[in-house]
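**Student:** sequence-free structure coming up:
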């Protein structure tokens, strides 16, 4: 399931890559991208405390998303803030892996996969 999520994130990143905008106006899918960034931040923290040995895998996925989308200014700030919000939210709640943390991981992977599929289906060229 994680491999499928990663594949969808990478595909979505490639499909959403657009040239830099003269004006960095909000894209119609920015809300979904911010939520995806928040999910990636949460997964980065939760997978780390649950002994996944993935290192910076989820942070690197976030970086790949930023690199593909190439946001600047406020859009970039909002995406990064979403990642940090996801990370910090779980950091404040969980100090060790619990059954609830495992459920959150599963739900975040499912939600992230759905967002990635939906964005790809709607906005891919």
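**Tutor:** All right, it came through fine. Keep in mind that what you see is a predicted model, and the values were worked out from it rather than measured.
**Student:** got the contact list for residue 108?
**Tutor:** Each residue near residue 108 by Cβ atoms under 8 Å, 6 or more residues apart in numbering is listed here: 39, 42-43, 46. Quick note: C-beta positions are derived from backbone N, CA and C, even for glycine.
**Student:** Among these, which ones are in helices?
**Tutor:** Counting by DSSP state H, the contacts of residue 108 place 39, 42-43, 46 in helices.
**Student:** ok, the residue nearest to residue 44 when sequence neighbours are not counted - how many residues close by?
**Tutor:** Nearest non-adjacent residue to residue 44, counting by Cβ to Cβ, 6 or more residues apart in numbering: residue 58, 3.7 Å away. Residues lying near residue 58 (other Cβ atoms under 10 Å) number 28.
**Student:** check contacts around residue 58.
**Tutor:** Counting by Cβ under 8 Å, 6+ apart, residue 58 touches 40-41, 43-44, 47.
**Student:** So which bits of stretch 45-64 are buried?
**Tutor:** 45-50, 57-59, 61-62, 64 (16 or more other Cβ atoms under 10 Å).
**Student:** Span of that stretch from start to end?
**Tutor:** For stretch 45-64, the first and last residues are 18 Å from each other (Cα to Cα, to the nearest Å).
**Student:** quick one: average pLDDT of that stretch?
**Tutor:** Computed over stretch 45-64, the mean pLDDT rounds to 92.
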